[in-house]
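Chemist: turn this into a structure:
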Amino acid sequence: MRRRLSRLGRKTFSSLKVHNYRLYFTGQSISLVGTWMQTTAQAWLVLTLTHSAIDLGYVVALQTLPVLVFASYGGVIADRVDKRRLMVLLQTCMGLQALTLGLLTVLGVVHLWEVCVLAVVLGLNNTFENPSRQAFVREMVGREELRNAVTLNSVTSNAARAIGPAIAGILIATVGDGVCFLANAASFAAVVTSLLVMNRSALRPTQPEPRAKGQLREGFAYAAHTTDIAVPLVMMGLVGMLAYEFQVSLPVLAKVTFHGGSEAYGFMTSAMGLGAVAGGLLTAARGRIGIRPMIISAIGFGLAIGFTALAPVLWLSYFGLLFVGWASVSFVSIGNSTIQLSAAPNMRGRVLSLWQLGFQGTTPIGGPVIGLVIEESDARIGMVVGALSCLVAAAGGALLSRHRLASVRLERRGSPRIDVAGPDQTA
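Modeler: The predicted structure follows:
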């Protein structure tokens, strides 16, 4: 039994044997705790300033609007430049954004328009940093450990989701939400330091793409004609737009539906994070990728959200959110790993920018929609809409996958086929 557990542990955390990734993993873990503290504090700050779920949805939409507009171009930039250097610059800018919001809040002079402007600034940074960060993982660990590293990144993010909001809830109730922003600003030093001190000779950088016309269009065409990329992107687009609006629904569920305070909201987010850690570790150990596992996880995600939405008492919502987190990290990790391992190295940044577009770029549409649904009904109905989107995405993914496979069979029988770069080809 000890030997089995030892083998399972080595398999679950196998990518941590890479020194550079281990450095990055440590720095990112610290930074993400601060990020989730800021996410929690910002939602509570907006709700306190406006008492409106619609305004909360608008702020979330503004933060992700740059992703909707510029995400694809962010992927083009990621394929053209040194990803590590770009990440150092943008992570530093995000630290300054958090510092500015923290000082405004601590000094008691913050207004809604300032929160909105800073949310757009953060969104711009995320637009260009996210595809570079995700593509950089493969440069640290190589193809053989990519799936494991991607899953551990999701585990780290969701462990931070379990820790950060709980700390934020306590800090908001005791010393105020401004301290959460200042703590996040300080946390960026950890990940920037890890990027600066890592051994660059051990990296496996992808040859940067030379600047050329039509690279954005080329990325769209490549993704559209690669089944293992196109289907996960379509599924993530629908789920990302309506199901991942927890920044809008959970504060209202905690404050209005269950008549709780910031602590209840913090523990809701933490429960989801704890479930995601457990689900992520299981996903890392099992190593399943592909469209079918993604469809299964989407179904589980929808059922878990539906259970939470209909929970009659607060403690049952905590219980349901454990499974929401579990299914959420499985869905994201499986989809992200599938498209990364299916993408050619010279296309990876553009493909991942489309993944980001589906995950975060749809929020400017979904955030206000869910906010309006909640305003006109209640938080439970808003979450039910998200649950249904997961089930529709699962059904649509199955139908689209079947249709694409049938098309491939026809092409192999002699129909004209579209040549695209394979996953192991380089520029």
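Chemist: low-confidence stretches in the chain?
Modeler: Low-confidence segments of the chain (pLDDT under 70): 1-11, 158, 284-287, 404-427.
Chemist: determine the longest helix present in it.
Modeler: In the chain, taking DSSP state H as the definition, the longest helix is helix 379-412.
Chemist: flag every buried residue along that helix.
Modeler: If you call a residue buried by 16 or more other C-beta atoms under 10 Å, then helix 379-412 has these buried ones: 379-380, 382-387, 389-394, 396-398, 400-401, 404. Quick note: C-beta positions are derived from backbone N, CA and C, even for glycine.
Chemist: same check, this time on stretch 259-279
Modeler: Neighbour-count burial for stretch 259-279 [16+ other C-beta under 10 Å]: 260, 262-279.
Chemist: center of the chain, which residue is that?
Modeler: residue 359 (6.4 Å; C-alpha atoms, centre = their mean).
Chemist: contacts only, for the nearest residue to that residue once chain neighbours are set aside.
Modeler: Leaving aside its sequence neighbours, residue 359 sits nearest to residue 240 (C-beta to C-beta, 6 or more residues apart in numbering; 4.5 Å). If you count contacts by C-beta atoms under 8 Å, 6 or more residues apart in numbering, residue 240 has them with 358, 359, 360, 361, 362, 363, 366.
Chemist: swap in 7 Å and give it another go.
Modeler: 358, 359, 360, 362 (C-beta atoms under 7 Å, 6 or more residues apart in numbering).
Chemist: for residue 156, state which of the residues you listed is nearest.
Modeler: residue 359 (16.5 Å; C-beta to C-beta).
Chemist: hmm, the closest one is touching residue 235, no?
Modeler: No: with contacts counted by C-beta atoms under 7 Å, residue 359 stays clear of residue 235, the gap being 10.8 Å.
Chemist: which parts of the helix or strand containing residue 329 are buried?
Modeler: Counting by DSSP states H and E, the element that carries residue 329 is helix 314-342. Neighbour-count burial for helix 314-342, counted by 16+ other C-beta under 10 Å, picks out 314, 317-318, 320-342.
Chemist: what sits up against the helix or strand harbouring residue 95?
Modeler: Here residue 95 sits within helix 83-106, counting by DSSP H and E. Here helix 83-106 makes contact (C-beta under 7 Å, 6+ apart) with 38, 45, 110, 114, 118, 121-122, 125, 128-129, 132-133, 135-136, 139, 177-178, 181-182, 184-185, 188, 191-192, 195-196.
Chemist: same thing with stretch 180-188?
Modeler: Residues contacting stretch 180-188 (C-beta under 7 Å, 6+ apart): 30-31, 33-35, 37-38, 40-41, 91-92, 94-95, 98-99, 101-102, 105-106, 168, 171-172.
Chemist: next, the buried residues of it.
Modeler: So stretch 180-188, judged by 16+ other C-beta under 10 Å, has buried residues 180, 181, 182, 183, 184, 185, 187, 188.
Chemist: rebuild these as a markdown table, extending it with distance to residue 351 and secondary structure.
Modeler: Below are these laid out as a markdown table (distance: C-beta to C-beta, whole Å; DSSP: H, G, I helix; E, B strand; the rest coil):
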| residue | distance to residue 351 | secondary structure |
| --- | --- | --- |
| 180 | 34 | helix |
| 181 | 33 | helix |
| 182 | 36 | helix |
| 183 | 34 | helix |
| 184 | 29 | helix |
| 185 | 32 | helix |
| 187 | 29 | helix |
| 188 | 27 | helix |
